[in-house]
Structures are given as C-alpha cells and as structure tokens.
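Student: need a structure here:
(chains A and B)
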Amino acid sequence: AQSVAQPEDQVNVAEGNPLTVKCTYSVSGNPYLFWYVQYPNRGLQFLLKYITGDNLVKGSYGFEAEFNKSQTSFHLKKPSALVSDSALYFCAVRDIRGFKTIFGAGTRLFVKA
Amino acid sequence: SQTIHQWPATLVQPVGSPLSLECTVEGTSNPNLYWYRQAAGRGLQLLFYSVGIGQISSEVPQNLSASRPQDRQFILSSKKLLLSDSGFYLCAWSRKAGSYEQYFGPGTRLTVT
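Tutor: Sure, this is the predicted structure:
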C-alpha cells in the first residue's frame, strides 16, 4: 500500500538558516510525490511535485525538494528560511489508481526571527 | 485560471441539526472532486471523492453524505450533526490526467455545539 511518513511533528529554525522538512514514502511502482503548505485557517497550497526526471525539484516561494530513490525520501528544503515560511507542511503521494492522494501527518515549521 | 470556492467560511450548528456545505470550481471541466476533514489543525482525512456527476465514493462510514449534482459542484451534507463532526472541512479538485496534484478551497470551520 502507498504511504508517506513525516517523522518530525515540528521543526524549528532561525531566520536566514537553511531548513529541511523530512518525508519518506512507500509506493508500488514509480512514485508521484508532492509537497503542500497550509497557513493558519487556510486551505492547502500546492508547492511542488516530483514525477520523473531531475532529482532536485524546484517549486514556489523558493522551496525545493530532493528525491532520493535509494532512501525512499523526498525532503523539502529551502536555503534561507523566512519568518513567513512558518506553516504546516504536508508530504503526499499519489495513490496508484490516481484518484486519491495520501497525505502525511504534517510537520509544523517555526521560523524564529 | 482555475478557482475553487467554499461556503460558508464558518458555521456553528447545534447537535442534531442538518448540514450543507457547498464547493464549486471554476475554469476547468470534468475535475475529480474531494472532501476532506482536518481535525485539530493536523492530518487530513479523506471523506468522499467523485470522478463525475452522480459518482460518489465514500472513504469513511459516518453520518455524512456527498453529492455532485453538476460537473463543478460538490456538496457535503448531514441529516443530523454529531459533536464529533466538528472540524475544518476542505474541498479540493484535481485534473483527470497528468500528475493529479490537488488544489484546495479556503475551507469551512464547522463547530457543533
């Protein structure tokens, strides 16, 4: 069965420092992987996706994610964190049938000024 | 461009009262549509999805139901609300081809008293 795991409930980072939010996955076949961000009392926003090709995927707001097939990971990264990046981040994988998306439990990112 | 609307934004209802939440999508046709519930600002629970008019799949047995009377309209209903129905309800859409990333509405905060 398809699944994703976000091992950290919360990540704290100082503004200007690099950030990483971790995600590991388990899929049958080639993975379609996603990152979404949720600001307080808002719906989720799509950040980026990996389908095929380069292992480093660039997305919105300066975020990028690194796909690592051997470690079955898809970590979200940003070289320099902003206070405004503070939000809830979800990793997700497309269900093999394509209709559904399986979301991780979410990681709350706090960026301190 | 595509937009997704949800209303109302907030709702306070007594236990035992009916519920109707509406979601509409603009700028696309024949989308896949989804209803999620998010409790306590964390993980997403998929409630229903629909691949076409009148086609509803239920993921979790409960006292909620969903309908899709038009191509871009998705309604979440209940005949009698329970306290446990409180939460943040999110509607989303995705295309039927490609990578299936989902686009979310702004959400409805439901409090059952």
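Student: Can you list the low-confidence ranges for chain A?
Tutor: A:96-98 (pLDDT under 70).
Student: near chain B, which residues of it?
Tutor: Applying Cβ under 8 Å from any Cβ of the partner chain, we find that chain A lies next to chain B at A:32, A:34, A:36, A:41-46, A:49, A:51, A:88, A:90, A:94, A:98-101, A:103-106. (C-beta placed from N, C-alpha, C; glycine too.)
Student: Among those residues, the buried ones, what's the PyMOL command?
Tutor: With 16 or more other Cβ atoms under 10 Å in any protein chain shown as the criterion, this PyMOL line picks the buried residues out of the residues of chain A next to chain B:
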select buried, chain A and resi 32+34+36+42+43+44+46+49+51+88+90+94+98+99+100+101+103+104+106
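Student: so of the residues of chain A next to chain B, which ones are in strands?
Tutor: Mapping these onto strands (DSSP state E) picks out A:Phe34, A:Tyr36, A:Leu44, A:Gln45, A:Phe46, A:Lys49, A:Leu88, A:Phe90, A:Arg94, A:Thr101, A:Phe103.
Student: Would you check which pair of the residues you listed lies furthest apart?
Tutor: Greatest spatial distance among those (Cβ to Cβ): A:Leu88 and A:Arg94, at 20.3 Å.
Student: and the residue positioned nearest the centre of chain B, what are its phi and psi?
Tutor: Central residue of chain B (Cα atoms, centre = their mean): B:Trp35, 3.1 Å from the mean position. In terms of degrees, to the nearest 10, the main-chain angles of B:Trp35 are phi -120, psi 130.
Student: Tell me the bridge partners for it.
Tutor: Beta-bridge pairing for B:Trp35 (DSSP bridges): B:Phe48, B:Cys91.
Student: And for B:Gln62, nearest residue in space, chain neighbours not counted?
Tutor: In space, B:Gln62 comes closest to B:Leu47 once its chain neighbours are excluded; the distance is 7.5 Å by Cβ to Cβ, 6 or more residues apart in numbering or on different chains.
Student: Please disregard the earlier target; I meant B:Trp7.
Tutor: In space, B:Trp7 is closest to B:Glu22, 5.8 Å off (Cβ to Cβ, 6+ apart).
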